[in-house]
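# sequence-free structure coming up:
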């Protein structure tokens, strides 16, 4: 008859204990790594904007970004823009409707017409703030119910916003391509972005 003493079980018991210790250590390590990789909120002292910062090389959360426009209820007319408060509010409303950045549209208007509501360019073929050419966009003006866009500044701006929205869809959301399609000139996006920066700089000092 075989008899087993305590020392006979010691090797296997030690092995089980070691496995258990390793399992606990592994779980604690994984928890530590998870905590290190959590996103932290940092508030910029300059913009007072909450920004998500990853403590390690983690992928950003896949939440949908908010559209780059401010709702009409928060609207404040820009003093440095030579357009009436009512017209600015109308443009703001149209931007919200089409989910297009208000400052971007102002940058386009500055590039196209320098805020001249009565501007006529392209040898008499482009009209208003957004320098819209009837031969290309009369159909969209009819579709959107903006028949007076040649003489009405608010309708002209809204039609220009609708055109940009249409071109963004046509170009898969690529803003550069949409802007080039709007104006037909390769360096047009660079001019618009420069005016966007001008608006942003003035906005900060208003």
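Good, I have the coordinates. All values derive from a computational prediction rather than experimental measurement.

# which parts of stretch 146-157 are buried?
Across stretch 146-157, burial judged by 16 or more other Cβ atoms under 10 Å covers 146, 149-150, 152-157. Where C-beta positions appear, they are placed from N, C-alpha and C, glycine not excepted.

# hmm, I was thinking of stretch 128-146
In stretch 128-146, counting by 16+ other Cβ under 10 Å, buried: 128-132, 137, 140-141, 144, 146.

# next one: stretch 88-104
88-96, 98, 100, 102-104.

# Could you export these to JSON lines, including columns for distance to residue 164 and pLDDT?
Below are these laid out as JSON lines (distance: Cβ to Cβ, whole Å; pLDDT from 0 to 100):
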{"residue": "88", "distance to residue 164": "18", "pLDDT": "96"}
{"residue": "89", "distance to residue 164": "19", "pLDDT": "94"}
{"residue": "90", "distance to residue 164": "16", "pLDDT": "96"}
{"residue": "91", "distance to residue 164": "12", "pLDDT": "96"}
{"residue": "92", "distance to residue 164": "15", "pLDDT": "94"}
{"residue": "93", "distance to residue 164": "15", "pLDDT": "93"}
{"residue": "94", "distance to residue 164": "11", "pLDDT": "95"}
{"residue": "95", "distance to residue 164": "10", "pLDDT": "93"}
{"residue": "96", "distance to residue 164": "14", "pLDDT": "91"}
{"residue": "98", "distance to residue 164": "8", "pLDDT": "94"}
{"residue": "100", "distance to residue 164": "6", "pLDDT": "92"}
{"residue": "102", "distance to residue 164": "12", "pLDDT": "93"}
{"residue": "103", "distance to residue 164": "13", "pLDDT": "93"}
{"residue": "104", "distance to residue 164": "8", "pLDDT": "94"}
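
# In helices, which of those appear?
Using DSSP state H, the members of the buried residues of stretch 88-104 that fall in helices are 88-96, 98, 102-104.
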